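Asker: how would this look folded up:
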Amino acid sequence: MLPTLSAVLGLPVLAAGRPRVVAGAEHLGHEVRWAHVAEVADISELLRGNELILTTGVALPRTDDGIVAFVQGLAALPVAGLVVELGRAYAGRLPTAMVRAAERFGLPLVELTQPVAFIEVTEAVHSLIIDGQISSLRQAQSLHETFTELAVEGADTAEVVRQAARMAGAPVVLETPSHLVVEHDAAGTDEAALLARWQQRSRAVRVEGRAGVDPASGWVVATVGARGEDWGRLVLVRGMEDPRPHDLMLVERTATTLALQRLITRDREGLERQTHRTLLTALMEHQHPDAEIGLRARALGVTLDGRRLLGAVVRWREGRSATTLATQARLRDLADAVAQAARDASAPALVGAIDDRSVGLLLALDRRDGDGAVLDGLSRAIERVVRYRMPGEASDQLLLAAGTVVAGLRDARRSVVEAQQVADAAAHLPRVGGFVRLHDVGVRGLLSLLRDDPRVETFTERELGPLLDREDDLLEVLRAYLACGRNKSAAAASMHLSRPAFYDRLTRLATVLDEDLDDVETCLALHVALLARDTR
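Answerer: Next up, the predicted model:
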(Lines give C-alpha, C1' and ligand atoms only; values in the text may rest on other atoms or scores of the structure.)
Protein backbone atom coordinates (compact mmCIF):
# COMPACT_ATOMS: atom_id res chain seq x y z
CA MET A 1 0.00 0.00 0.00
CA LEU A 2 1.50 3.35 -1.04
CA PRO A 3 1.66 6.23 1.46
CA THR A 4 -0.50 9.27 0.89
CA LEU A 5 0.81 12.77 0.36
CA SER A 6 -0.60 13.71 3.76
CA ALA A 7 1.46 10.94 5.41
CA VAL A 8 4.59 12.02 3.57
CA LEU A 9 4.20 15.64 4.67
CA GLY A 10 4.08 14.39 8.24
CA LEU A 11 7.56 12.86 8.03
CA PRO A 12 9.95 14.59 10.46
CA VAL A 13 12.39 15.49 7.69
CA LEU A 14 9.69 17.37 5.77
CA ALA A 15 7.96 18.72 8.86
CA ALA A 16 11.25 20.46 9.70
CA GLY A 17 10.77 22.58 6.57
CA ARG A 18 7.44 23.85 7.94
CA PRO A 19 5.39 22.81 4.89
CA ARG A 20 2.36 24.87 3.99
CA VAL A 21 -0.26 23.61 1.51
CA VAL A 22 -1.20 26.56 -0.69
CA ALA A 23 -3.29 24.76 -3.34
CA GLY A 24 -5.02 21.41 -3.86
CA ALA A 25 -5.54 20.69 -0.15
CA GLU A 26 -8.48 18.43 -0.99
CA HIS A 27 -6.12 16.10 -2.89
CA LEU A 28 -3.74 15.24 -0.05
CA GLY A 29 -5.01 11.64 -0.29
CA HIS A 30 -2.98 11.15 -3.50
CA GLU A 31 -0.71 8.12 -3.27
CA VAL A 32 3.04 8.76 -3.54
CA ARG A 33 4.83 6.16 -5.64
CA TRP A 34 8.25 7.85 -5.58
CA ALA A 35 10.03 11.11 -4.71
CA HIS A 36 11.95 12.95 -7.44
CA VAL A 37 14.16 16.03 -7.27
CA ALA A 38 13.69 18.23 -10.35
CA GLU A 39 15.51 21.43 -11.24
CA VAL A 40 14.54 21.52 -14.92
CA ALA A 41 11.33 22.77 -16.52
CA ASP A 42 10.75 19.89 -18.95
CA ILE A 43 10.69 17.21 -16.26
CA SER A 44 7.28 15.78 -17.25
CA GLU A 45 8.78 13.60 -19.99
CA LEU A 46 10.89 11.78 -17.39
CA LEU A 47 8.01 10.92 -15.07
CA ARG A 48 5.47 8.07 -14.99
CA GLY A 49 2.95 9.48 -12.55
CA ASN A 50 2.32 9.57 -8.80
CA GLU A 51 5.76 11.02 -8.06
CA LEU A 52 6.30 13.70 -5.44
CA ILE A 53 8.29 16.49 -7.14
CA LEU A 54 10.82 18.39 -5.00
CA THR A 55 12.31 21.61 -6.38
CA THR A 56 13.81 24.96 -5.41
CA GLY A 57 12.35 26.49 -8.57
CA VAL A 58 15.65 27.90 -9.83
CA ALA A 59 15.13 26.43 -13.32
CA LEU A 60 11.40 26.96 -13.63
CA PRO A 61 9.95 29.39 -16.17
CA ARG A 62 9.84 33.04 -15.18
CA THR A 63 6.77 34.02 -17.15
CA ASP A 64 3.24 33.38 -15.95
CA ASP A 65 2.40 31.43 -19.11
CA GLY A 66 5.45 29.24 -18.69
CA ILE A 67 4.62 28.54 -15.06
CA VAL A 68 1.01 27.62 -15.95
CA ALA A 69 2.23 25.25 -18.70
CA PHE A 70 4.67 23.64 -16.26
CA VAL A 71 1.96 23.06 -13.62
CA GLN A 72 -0.53 21.82 -16.20
CA GLY A 73 1.99 19.27 -17.51
CA LEU A 74 2.56 17.86 -14.03
CA ALA A 75 -1.18 17.70 -13.27
CA ALA A 76 -1.85 15.86 -16.53
CA LEU A 77 0.41 12.94 -15.61
CA PRO A 78 -0.71 13.23 -12.77
CA VAL A 79 1.97 13.61 -10.11
CA ALA A 80 1.18 13.23 -6.42
CA GLY A 81 2.20 16.80 -5.61
CA LEU A 82 4.70 19.59 -6.09
CA VAL A 83 6.89 20.76 -3.17
CA VAL A 84 8.81 24.03 -3.66
CA GLU A 85 11.43 25.27 -1.22
CA LEU A 86 11.37 29.04 -0.78
CA GLY A 87 14.49 31.15 -0.60
CA ARG A 88 16.44 30.51 -3.78
CA ALA A 89 14.04 31.26 -6.63
CA TYR A 90 11.05 32.55 -4.68
CA ALA A 91 11.36 34.72 -1.59
CA GLY A 92 8.49 34.85 0.86
CA ARG A 93 5.83 33.14 -1.21
CA LEU A 94 5.19 31.28 -4.48
CA PRO A 95 4.07 33.14 -7.62
CA THR A 96 0.34 33.80 -7.78
CA ALA A 97 0.19 32.25 -11.28
CA MET A 98 1.60 28.97 -9.90
CA VAL A 99 -0.85 28.87 -6.99
CA ARG A 100 -3.85 29.62 -9.19
CA ALA A 101 -2.81 27.09 -11.85
CA ALA A 102 -2.30 24.37 -9.21
CA GLU A 103 -5.74 25.07 -7.75
CA ARG A 104 -7.30 25.09 -11.19
CA PHE A 105 -5.75 21.78 -12.29
CA GLY A 106 -6.13 19.99 -8.93
CA LEU A 107 -2.40 19.68 -8.21
CA PRO A 108 -1.38 19.74 -4.52
CA LEU A 109 1.15 22.56 -4.16
CA VAL A 110 3.29 22.79 -0.99
CA GLU A 111 5.82 25.47 -0.08
CA LEU A 112 8.64 24.88 2.39
CA THR A 113 9.38 27.95 4.43
CA GLN A 114 12.60 26.47 5.87
CA PRO A 115 15.42 24.78 3.93
CA VAL A 116 15.65 20.98 4.00
CA ALA A 117 18.09 18.46 2.51
CA PHE A 118 16.24 16.95 -0.43
CA ILE A 119 18.42 13.81 -0.30
CA GLU A 120 17.16 13.17 3.24
CA VAL A 121 13.59 13.74 2.07
CA THR A 122 13.89 11.23 -0.78
CA GLU A 123 15.51 8.66 1.53
CA ALA A 124 12.71 9.03 4.09
CA VAL A 125 9.97 8.89 1.46
CA HIS A 126 11.48 5.86 -0.25
CA SER A 127 11.90 4.08 3.08
CA LEU A 128 8.24 4.76 3.86
CA ILE A 129 7.20 3.38 0.45
CA ILE A 130 9.36 0.26 0.78
CA ASP A 131 8.16 -0.36 4.34
CA GLY A 132 4.59 -0.15 3.07
CA GLN A 133 5.33 -2.57 0.25
CA ILE A 134 6.97 -5.03 2.65
CA SER A 135 4.01 -4.73 5.00
CA SER A 136 1.66 -5.34 2.08
CA LEU A 137 3.64 -8.41 1.04
CA ARG A 138 3.56 -9.74 4.57
CA GLN A 139 -0.17 -9.16 4.77
CA ALA A 140 -0.67 -10.88 1.40
CA GLN A 141 1.47 -13.81 2.56
CA SER A 142 -0.54 -14.09 5.77
CA LEU A 143 -3.80 -14.05 3.82
CA HIS A 144 -2.46 -16.62 1.36
CA GLU A 145 -1.32 -18.99 4.12
CA THR A 146 -4.56 -18.66 6.11
CA PHE A 147 -6.94 -19.24 3.23
CA THR A 148 -4.79 -21.92 1.61
CA GLU A 149 -4.89 -23.82 4.90
CA LEU A 150 -8.68 -23.38 5.05
CA ALA A 151 -9.04 -24.72 1.50
CA VAL A 152 -6.72 -27.68 2.08
CA GLU A 153 -8.46 -28.62 5.32
CA GLY A 154 -11.87 -28.45 3.63
CA ALA A 155 -13.22 -25.75 5.95
CA ASP A 156 -16.91 -25.11 5.49
CA THR A 157 -18.46 -21.82 4.40
CA ALA A 158 -19.14 -20.64 7.95
CA GLU A 159 -15.50 -21.12 8.96
CA VAL A 160 -14.17 -19.23 5.91
CA VAL A 161 -16.50 -16.30 6.57
CA ARG A 162 -15.61 -16.38 10.29
CA GLN A 163 -11.88 -16.17 9.52
CA ALA A 164 -12.41 -13.27 7.12
CA ALA A 165 -14.38 -11.34 9.76
CA ARG A 166 -11.69 -12.03 12.37
CA MET A 167 -8.89 -10.80 10.11
CA ALA A 168 -10.86 -7.72 9.06
CA GLY A 169 -12.16 -6.93 12.53
CA ALA A 170 -15.48 -6.08 10.87
CA PRO A 171 -18.70 -7.89 9.84
CA VAL A 172 -18.58 -10.11 6.76
CA VAL A 173 -21.71 -11.30 4.94
CA LEU A 174 -22.09 -13.93 2.19
CA GLU A 175 -25.27 -13.38 0.19
CA THR A 176 -26.96 -14.82 -2.89
CA PRO A 177 -27.31 -12.79 -6.11
CA SER A 178 -30.79 -11.84 -4.88
CA HIS A 179 -29.25 -10.47 -1.65
CA LEU A 180 -30.45 -13.23 0.68
CA VAL A 181 -27.99 -13.77 3.53
CA VAL A 182 -26.69 -17.35 3.61
CA GLU A 183 -23.78 -16.89 6.03
CA HIS A 184 -22.47 -14.04 8.16
CA ASP A 185 -20.21 -13.13 11.06
CA ALA A 186 -20.94 -9.90 12.91
CA ALA A 187 -17.37 -9.72 14.35
CA GLY A 188 -18.72 -8.84 17.78
CA THR A 189 -21.15 -6.17 16.59
CA ASP A 190 -24.95 -6.21 16.89
CA GLU A 191 -26.24 -8.95 14.59
CA ALA A 192 -29.76 -7.52 14.50
CA ALA A 193 -28.44 -4.15 13.38
CA LEU A 194 -26.17 -5.79 10.79
CA LEU A 195 -29.00 -7.76 9.15
CA ALA A 196 -31.77 -5.16 9.52
CA ARG A 197 -33.21 -4.31 6.07
CA TRP A 198 -30.24 -6.17 4.57
CA GLN A 199 -31.72 -6.73 1.11
CA GLN A 200 -32.66 -3.08 0.72
CA ARG A 201 -29.27 -1.86 1.90
CA SER A 202 -27.29 -4.37 -0.13
CA ARG A 203 -29.15 -3.63 -3.37
CA ALA A 204 -27.92 -0.03 -3.14
CA VAL A 205 -24.27 -1.13 -3.09
CA ARG A 206 -22.62 -1.11 -6.51
CA VAL A 207 -19.01 -1.68 -7.55
CA GLU A 208 -17.28 -1.76 -10.91
CA GLY A 209 -16.02 -5.15 -12.02
CA ARG A 210 -15.92 -8.25 -9.85
CA ALA A 211 -14.53 -6.55 -6.74
CA GLY A 212 -14.26 -3.06 -5.38
CA VAL A 213 -15.28 -0.52 -2.78
CA ASP A 214 -18.68 1.14 -2.94
CA PRO A 215 -17.96 4.88 -2.81
CA ALA A 216 -21.25 5.70 -1.11
CA SER A 217 -21.15 3.24 1.80
CA GLY A 218 -17.52 2.15 2.04
CA TRP A 219 -18.58 -1.51 1.82
CA VAL A 220 -16.03 -3.80 0.16
CA VAL A 221 -17.64 -6.27 -2.23
CA ALA A 222 -16.44 -9.24 -4.29
CA THR A 223 -18.39 -11.57 -6.58
CA VAL A 224 -18.14 -15.26 -5.66
CA GLY A 225 -18.13 -17.78 -8.49
CA ALA A 226 -16.06 -19.78 -10.96
CA ARG A 227 -16.31 -21.37 -14.40
CA GLY A 228 -18.66 -18.63 -15.54
CA GLU A 229 -21.17 -19.28 -12.75
CA ASP A 230 -21.54 -16.50 -10.18
CA TRP A 231 -23.53 -17.79 -7.22
CA GLY A 232 -22.87 -15.27 -4.46
CA ARG A 233 -21.48 -11.97 -3.29
CA LEU A 234 -19.17 -11.38 -0.33
CA VAL A 235 -19.54 -8.10 1.56
CA LEU A 236 -17.20 -6.59 4.13
CA VAL A 237 -19.25 -4.02 6.02
CA ARG A 238 -16.86 -1.17 6.62
CA GLY A 239 -17.80 2.50 6.91
CA MET A 240 -16.27 5.27 4.84
CA GLU A 241 -14.66 6.70 7.96
CA ASP A 242 -12.75 3.48 8.73
CA PRO A 243 -11.01 2.18 5.58
CA ARG A 244 -8.20 -0.36 5.84
CA PRO A 245 -5.45 -0.75 3.25
CA HIS A 246 -5.86 -4.51 2.72
CA ASP A 247 -9.65 -4.80 2.82
CA LEU A 248 -10.01 -5.41 -0.91
CA MET A 249 -7.25 -8.01 -0.94
CA LEU A 250 -8.89 -9.81 1.99
CA VAL A 251 -12.34 -9.87 0.39
CA GLU A 252 -11.00 -11.06 -2.97
CA ARG A 253 -8.98 -13.86 -1.32
CA THR A 254 -11.98 -14.94 0.75
CA ALA A 255 -14.22 -14.98 -2.34
CA THR A 256 -11.65 -17.09 -4.19
CA THR A 257 -11.49 -19.58 -1.31
CA LEU A 258 -15.29 -19.88 -1.21
CA ALA A 259 -15.43 -20.46 -4.97
CA LEU A 260 -12.66 -23.08 -4.78
CA GLN A 261 -14.38 -24.77 -1.86
CA ARG A 262 -17.59 -25.06 -3.87
CA LEU A 263 -15.78 -26.49 -6.91
CA ILE A 264 -13.97 -29.08 -4.78
CA THR A 265 -17.19 -30.04 -3.03
CA ARG A 266 -19.08 -30.28 -6.31
CA ASP A 267 -16.42 -32.47 -7.94
CA ARG A 268 -16.26 -34.75 -4.91
CA GLU A 269 -20.03 -35.00 -4.67
CA GLY A 270 -20.30 -35.57 -8.40
CA LEU A 271 -18.35 -38.83 -8.05
CA GLU A 272 -20.36 -39.83 -4.98
CA ARG A 273 -23.64 -39.10 -6.76
CA GLN A 274 -22.62 -41.29 -9.69
CA THR A 275 -21.92 -44.19 -7.33
CA HIS A 276 -25.15 -43.66 -5.41
CA ARG A 277 -27.12 -43.47 -8.65
CA THR A 278 -25.53 -46.71 -9.86
CA LEU A 279 -26.63 -48.50 -6.70
CA LEU A 280 -30.16 -47.08 -6.85
CA THR A 281 -30.45 -48.10 -10.51
CA ALA A 282 -29.21 -51.60 -9.67
CA LEU A 283 -31.80 -51.79 -6.91
CA MET A 284 -34.66 -50.61 -9.13
CA GLU A 285 -33.75 -52.91 -12.01
CA HIS A 286 -32.67 -55.97 -9.96
CA GLN A 287 -29.20 -55.83 -11.51
CA HIS A 288 -27.30 -57.11 -8.47
CA PRO A 289 -28.09 -59.32 -5.46
CA ASP A 290 -29.32 -57.47 -2.39
CA ALA A 291 -26.25 -58.57 -0.41
CA GLU A 292 -23.91 -56.97 -2.96
CA ILE A 293 -25.88 -53.70 -2.94
CA GLY A 294 -25.79 -53.65 0.86
CA LEU A 295 -22.03 -54.28 0.87
CA ARG A 296 -21.30 -51.50 -1.63
CA ALA A 297 -23.60 -49.07 0.19
CA ARG A 298 -21.82 -49.78 3.47
CA ALA A 299 -18.51 -48.97 1.75
CA LEU A 300 -20.04 -45.58 0.85
CA GLY A 301 -20.89 -44.95 4.48
CA VAL A 302 -24.60 -45.84 4.21
CA THR A 303 -25.51 -48.95 6.22
CA LEU A 304 -28.66 -50.59 4.83
CA ASP A 305 -28.39 -54.03 6.44
CA GLY A 306 -30.54 -54.44 9.53
CA ARG A 307 -32.23 -51.07 9.01
CA ARG A 308 -35.77 -50.10 8.17
CA LEU A 309 -35.70 -48.58 4.69
CA LEU A 310 -37.81 -45.78 3.25
CA GLY A 311 -37.96 -44.75 -0.40
CA ALA A 312 -38.50 -41.10 -1.33
CA VAL A 313 -38.49 -38.89 -4.42
CA VAL A 314 -37.68 -35.18 -4.82
CA ARG A 315 -38.65 -33.23 -7.91
CA TRP A 316 -40.04 -29.88 -9.00
CA ARG A 317 -43.78 -29.75 -9.41
CA GLU A 318 -43.61 -28.79 -13.08
CA GLY A 319 -41.66 -32.00 -13.66
CA ARG A 320 -39.48 -30.96 -16.60
CA SER A 321 -37.58 -33.87 -18.06
CA ALA A 322 -33.78 -33.59 -18.26
CA THR A 323 -33.67 -33.63 -22.05
CA THR A 324 -31.27 -30.70 -22.43
CA LEU A 325 -27.86 -29.98 -20.95
CA ALA A 326 -29.37 -27.19 -18.83
CA THR A 327 -32.04 -29.40 -17.30
CA GLN A 328 -29.56 -32.23 -16.79
CA ALA A 329 -27.28 -29.84 -14.90
CA ARG A 330 -30.30 -28.68 -12.92
CA LEU A 331 -31.07 -32.28 -11.93
CA ARG A 332 -27.43 -32.88 -10.93
CA ASP A 333 -27.46 -29.74 -8.80
CA LEU A 334 -30.70 -30.87 -7.17
CA ALA A 335 -29.17 -34.28 -6.38
CA ASP A 336 -26.16 -32.61 -4.76
CA ALA A 337 -28.44 -30.32 -2.75
CA VAL A 338 -30.63 -33.23 -1.57
CA ALA A 339 -27.52 -35.19 -0.53
CA GLN A 340 -26.29 -32.20 1.47
CA ALA A 341 -29.73 -31.82 3.06
CA ALA A 342 -29.74 -35.50 4.05
CA ARG A 343 -26.38 -35.03 5.79
CA ASP A 344 -27.61 -31.87 7.52
CA ALA A 345 -30.71 -33.71 8.72
CA SER A 346 -28.60 -36.67 9.93
CA ALA A 347 -30.56 -38.97 7.63
CA PRO A 348 -28.20 -41.61 6.07
CA ALA A 349 -29.36 -42.31 2.53
CA LEU A 350 -28.42 -43.32 -0.99
CA VAL A 351 -29.17 -40.26 -3.13
CA GLY A 352 -29.13 -40.00 -6.92
CA ALA A 353 -31.15 -39.31 -10.03
CA ILE A 354 -33.43 -42.27 -10.75
CA ASP A 355 -35.04 -40.97 -13.94
CA ASP A 356 -34.84 -37.88 -16.14
CA ARG A 357 -36.69 -35.61 -13.70
CA SER A 358 -36.46 -37.10 -10.20
CA VAL A 359 -33.90 -37.48 -7.44
CA GLY A 360 -34.45 -40.69 -5.50
CA LEU A 361 -33.52 -41.48 -1.91
CA LEU A 362 -33.30 -44.72 0.00
CA LEU A 363 -33.27 -43.68 3.65
CA ALA A 364 -31.81 -46.01 6.27
CA LEU A 365 -33.82 -45.57 9.47
CA ASP A 366 -32.69 -46.62 12.90
CA ARG A 367 -35.20 -48.55 14.98
CA ARG A 368 -35.68 -45.48 17.16
CA ASP A 369 -36.27 -43.12 14.23
CA GLY A 370 -39.83 -42.05 13.52
CA ASP A 371 -40.25 -41.94 9.75
CA GLY A 372 -42.50 -38.87 9.96
CA ALA A 373 -39.97 -36.92 12.02
CA VAL A 374 -37.14 -37.91 9.66
CA LEU A 375 -39.14 -36.80 6.60
CA ASP A 376 -40.14 -33.55 8.27
CA GLY A 377 -36.53 -32.68 9.11
CA LEU A 378 -35.38 -33.71 5.63
CA SER A 379 -38.04 -31.54 3.99
CA ARG A 380 -36.93 -28.44 5.88
CA ALA A 381 -33.27 -29.16 5.17
CA ILE A 382 -33.91 -29.62 1.42
CA GLU A 383 -35.72 -26.29 1.12
CA ARG A 384 -32.97 -24.51 3.06
CA VAL A 385 -30.07 -26.05 1.10
CA VAL A 386 -31.72 -25.56 -2.30
CA ARG A 387 -32.39 -21.91 -1.47
CA TYR A 388 -28.68 -21.47 -0.75
CA ARG A 389 -27.10 -23.66 -3.43
CA MET A 390 -29.61 -23.03 -6.23
CA PRO A 391 -30.68 -19.40 -5.61
CA GLY A 392 -32.34 -19.03 -9.01
CA GLU A 393 -34.76 -21.89 -8.38
CA ALA A 394 -38.19 -21.76 -6.71
CA SER A 395 -37.44 -23.89 -3.67
CA ASP A 396 -41.05 -23.58 -2.51
CA GLN A 397 -42.10 -25.61 -5.58
CA LEU A 398 -40.13 -28.68 -4.56
CA LEU A 399 -42.07 -31.86 -3.92
CA LEU A 400 -40.90 -34.52 -1.46
CA ALA A 401 -42.90 -37.74 -1.82
CA ALA A 402 -42.32 -40.82 0.31
CA GLY A 403 -43.30 -44.46 0.15
CA THR A 404 -43.94 -46.99 2.89
CA VAL A 405 -41.28 -48.08 5.38
CA VAL A 406 -40.06 -51.61 4.56
CA ALA A 407 -38.06 -54.15 6.55
CA GLY A 408 -35.09 -54.63 4.22
CA LEU A 409 -33.52 -54.42 0.77
CA ARG A 410 -35.79 -57.10 -0.65
CA ASP A 411 -38.75 -54.69 -0.48
CA ALA A 412 -36.83 -51.41 -0.95
CA ARG A 413 -37.71 -51.16 -4.64
CA ARG A 414 -41.42 -51.24 -3.80
CA SER A 415 -41.01 -48.27 -1.44
CA VAL A 416 -39.17 -46.18 -4.07
CA VAL A 417 -41.72 -47.05 -6.78
CA GLU A 418 -44.55 -46.08 -4.42
CA ALA A 419 -42.81 -42.75 -3.80
CA GLN A 420 -42.63 -42.14 -7.56
CA GLN A 421 -46.34 -42.86 -7.91
CA VAL A 422 -47.18 -40.56 -5.00
CA ALA A 423 -45.05 -37.81 -6.59
CA ASP A 424 -46.89 -38.25 -9.91
CA ALA A 425 -50.23 -37.94 -8.14
CA ALA A 426 -49.27 -35.08 -5.81
CA ALA A 427 -47.90 -32.94 -8.63
CA HIS A 428 -51.49 -32.17 -9.70
CA LEU A 429 -52.82 -31.44 -6.21
CA PRO A 430 -52.74 -28.12 -4.35
CA ARG A 431 -49.35 -27.58 -2.75
CA VAL A 432 -48.94 -28.59 0.88
CA GLY A 433 -45.88 -28.00 3.01
CA GLY A 434 -43.50 -30.73 4.13
CA PHE A 435 -43.78 -34.13 2.51
CA VAL A 436 -46.50 -36.19 0.81
CA ARG A 437 -47.36 -39.86 1.29
CA LEU A 438 -49.90 -42.23 -0.21
CA HIS A 439 -52.69 -41.44 2.24
CA ASP A 440 -52.32 -37.73 1.40
CA VAL A 441 -53.21 -38.11 -2.28
CA GLY A 442 -56.43 -40.13 -1.79
CA VAL A 443 -58.89 -40.56 -4.65
CA ARG A 444 -57.66 -37.39 -6.34
CA GLY A 445 -54.17 -38.86 -6.44
CA LEU A 446 -55.41 -42.11 -7.90
CA LEU A 447 -57.39 -40.28 -10.57
CA SER A 448 -54.43 -38.08 -11.43
CA LEU A 449 -52.39 -41.23 -12.07
CA LEU A 450 -55.17 -42.51 -14.35
CA ARG A 451 -56.01 -39.17 -15.95
CA ASP A 452 -54.80 -40.22 -19.41
CA ASP A 453 -56.62 -43.54 -19.35
CA PRO A 454 -59.41 -43.44 -21.97
CA ARG A 455 -61.58 -45.60 -19.74
CA VAL A 456 -61.61 -42.84 -17.11
CA GLU A 457 -62.63 -40.34 -19.75
CA THR A 458 -65.42 -42.66 -20.96
CA PHE A 459 -66.65 -43.05 -17.37
CA THR A 460 -66.66 -39.27 -16.85
CA GLU A 461 -68.59 -38.66 -20.06
CA ARG A 462 -71.10 -41.32 -19.20
CA GLU A 463 -71.79 -39.96 -15.71
CA LEU A 464 -71.71 -36.21 -16.40
CA GLY A 465 -72.43 -36.03 -20.13
CA PRO A 466 -75.99 -34.56 -19.82
CA LEU A 467 -74.56 -31.64 -17.78
CA LEU A 468 -71.42 -30.75 -19.71
CA ASP A 469 -73.02 -28.76 -22.53
CA ARG A 470 -75.57 -26.91 -20.42
CA GLU A 471 -75.26 -23.18 -19.74
CA ASP A 472 -77.08 -23.22 -16.41
CA ASP A 473 -75.58 -23.90 -12.99
CA LEU A 474 -76.69 -27.51 -12.55
CA LEU A 475 -73.08 -28.79 -12.61
CA GLU A 476 -72.21 -26.45 -9.75
CA VAL A 477 -75.38 -27.52 -7.92
CA LEU A 478 -74.16 -31.12 -8.15
CA ARG A 479 -70.69 -30.14 -6.95
CA ALA A 480 -72.08 -28.25 -3.93
CA TYR A 481 -74.52 -31.06 -3.06
CA LEU A 482 -71.78 -33.71 -3.08
CA ALA A 483 -69.16 -31.51 -1.38
CA CYS A 484 -71.57 -30.91 1.51
CA GLY A 485 -72.17 -34.63 2.01
CA ARG A 486 -75.69 -34.47 0.43
CA ASN A 487 -76.76 -31.94 3.11
CA LYS A 488 -79.24 -29.85 1.14
CA SER A 489 -79.40 -26.93 3.60
CA ALA A 490 -75.61 -26.64 3.76
CA ALA A 491 -75.31 -26.89 -0.03
CA ALA A 492 -77.94 -24.13 -0.49
CA ALA A 493 -76.03 -21.88 1.90
CA SER A 494 -72.72 -22.56 0.12
CA MET A 495 -74.31 -21.37 -3.16
CA HIS A 496 -76.03 -18.42 -1.48
CA LEU A 497 -79.45 -19.72 -2.55
CA SER A 498 -82.64 -20.07 -0.60
CA ARG A 499 -83.57 -23.64 0.24
CA PRO A 500 -86.67 -23.67 -2.02
CA ALA A 501 -84.58 -22.37 -4.94
CA PHE A 502 -81.86 -24.96 -4.31
CA TYR A 503 -84.42 -27.79 -3.93
CA ASP A 504 -85.95 -26.78 -7.26
CA ARG A 505 -82.52 -26.94 -8.98
CA LEU A 506 -81.82 -30.29 -7.36
CA THR A 507 -85.07 -31.69 -8.73
CA ARG A 508 -84.17 -30.49 -12.23
CA LEU A 509 -80.67 -31.99 -11.81
CA ALA A 510 -82.13 -35.42 -10.97
CA THR A 511 -84.41 -35.18 -14.01
CA VAL A 512 -81.56 -34.25 -16.38
CA LEU A 513 -79.33 -37.03 -15.07
CA ASP A 514 -82.21 -39.46 -14.72
CA GLU A 515 -80.69 -40.57 -11.43
CA ASP A 516 -81.82 -40.90 -7.84
CA LEU A 517 -79.70 -38.36 -5.96
CA ASP A 518 -80.56 -39.95 -2.63
CA ASP A 519 -78.80 -43.16 -3.63
CA VAL A 520 -75.31 -43.38 -2.05
CA GLU A 521 -73.72 -45.43 -4.84
CA THR A 522 -75.10 -43.09 -7.51
CA CYS A 523 -73.68 -40.07 -5.68
CA LEU A 524 -70.32 -41.82 -5.25
CA ALA A 525 -70.08 -42.43 -9.01
CA LEU A 526 -70.98 -38.81 -9.74
CA HIS A 527 -68.40 -37.54 -7.21
CA VAL A 528 -65.64 -39.67 -8.74
CA ALA A 529 -66.57 -38.39 -12.20
CA LEU A 530 -66.37 -34.79 -10.96
CA LEU A 531 -62.93 -35.37 -9.41
CA ALA A 532 -61.72 -37.04 -12.61
CA ARG A 533 -62.95 -34.08 -14.67
CA ASP A 534 -61.21 -31.62 -12.33
CA THR A 535 -57.98 -33.63 -12.57
CA ARG A 536 -58.06 -33.50 -16.36
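Asker: so the closest residue in space to A226 that isn't next to it in sequence, which of the three states?
Answerer: With sequence-adjacent residues excluded and distances taken as CB to CB, 6 or more residues apart in numbering, A226 is closest to A259, at 4.3 Å. Backbone N, C-alpha and C define where each C-beta goes, glycine included. Look at A259: counting by DSSP: H, G, I helix; E, B strand; the rest coil, its state is helix.
Asker: hang on, A259 packs against T223?
Answerer: No - A259 is beyond contact range of T223, at 9.1 Å (criterion: CB atoms under 8 Å).
Asker: more crowded one of the two?
Answerer: A259 (21 against 18; other CB atoms under 10 Å).
Asker: check contacts around the more buried one.
Answerer: Each residue near A259 by CB atoms under 8 Å, 6 or more residues apart in numbering is listed here: V224, G225, A226.
Asker: are any of these buried, and if so which?
Answerer: Applying a neighbour-count criterion of 16 or more other CB atoms under 10 Å, the buried members of those are V224, G225.
Asker: turn the contacts of A259 into JSON lines, including pLDDT and distance to A394.
Answerer: Output for those, formatted as JSON lines (pLDDT from 0 to 100; distance: CB to CB, whole Å):
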{"residue": "V224", "pLDDT": "90", "distance to A394": "22"}
{"residue": "G225", "pLDDT": "85", "distance to A394": "21"}
{"residue": "A226", "pLDDT": "76", "distance to A394": "25"}
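Asker: got a markdown table for the contacts of A259, with secondary structure too?
Answerer: Formatted as a markdown table, the contacts of A259 follow (three-state DSSP):
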| residue | secondary structure |
| --- | --- |
| V224 | strand |
| G225 | strand |
| A226 | strand |
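Asker: can I get the contacts of A259 in JSON lines with distance to E471?
Answerer: JSON lines is the format used below for the contacts of A259 (distance: CB to CB, whole Å):
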{"residue": "V224", "distance to E471": "60"}
{"residue": "G225", "distance to E471": "58"}
{"residue": "A226", "distance to E471": "61"}
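Asker: wait, which of the contacts of A259 is closest to E285?
Answerer: Closest approach between these and E285, by CB to CB: A226, at 36.4 Å.
Asker: now the closest one: how far from V121?
Answerer: Taking CB to CB, to the nearest Å as the measure, A226 falls 47 Å from V121.
Asker: ok, L9 touching A15?
Answerer: Yes - counting by CB under 8 Å, A15 is a contact partner of L9 at 7.4 Å.
Asker: neighbour count: these two, which is higher?
Answerer: Set side by side, L9 and A15 give different neighbour counts by other CB under 10 Å, the larger being at L9 (20 against 12).
Asker: so the nearest residue to the more buried one once chain neighbours are set aside bridges to which residues?
Answerer: Among residues not flanking L9 along the chain, P19 sits closest, at 5.3 Å (CB to CB, 6+ apart). Counting by DSSP bridges, P19 forms beta bridges with L112.
Asker: for H496, see how far away P19 is.
Answerer: 89 Å.
Asker: when those two are compared, which one has more neighbours?
Answerer: The neighbour comparison of P19 against H496 (other CB under 10 Å) goes to P19, with 20 against 8.
Asker: mind listing what the more buried one touches?
Answerer: Here P19 is in contact with L9, V83, V110, E111, L112, T113 (CB under 8 Å, 6+ apart).
Asker: please redo it, this time with the cut-off set to 6 Å
Answerer: Residues near P19 by CB atoms under 6 Å, 6 or more residues apart in numbering: L9, V110, L112.
Asker: cool, and I53?
Answerer: Per CB under 6 Å, 6+ apart, neighbours of I53: H36, A38, V79, L82.
Asker: burial of R227, as a residue count?
Answerer: Count around R227 with other CB under 10 Å applied: 9.
Asker: which non-adjacent residue is nearest it?
Answerer: L263 is the one closest to R227 (CB to CB, 6+ apart), at 7.3 Å.
Asker: R308 too?
Answerer: L365 (4.4 Å).
Asker: the one you found and L304: what is the separation?
Answerer: 10 Å.
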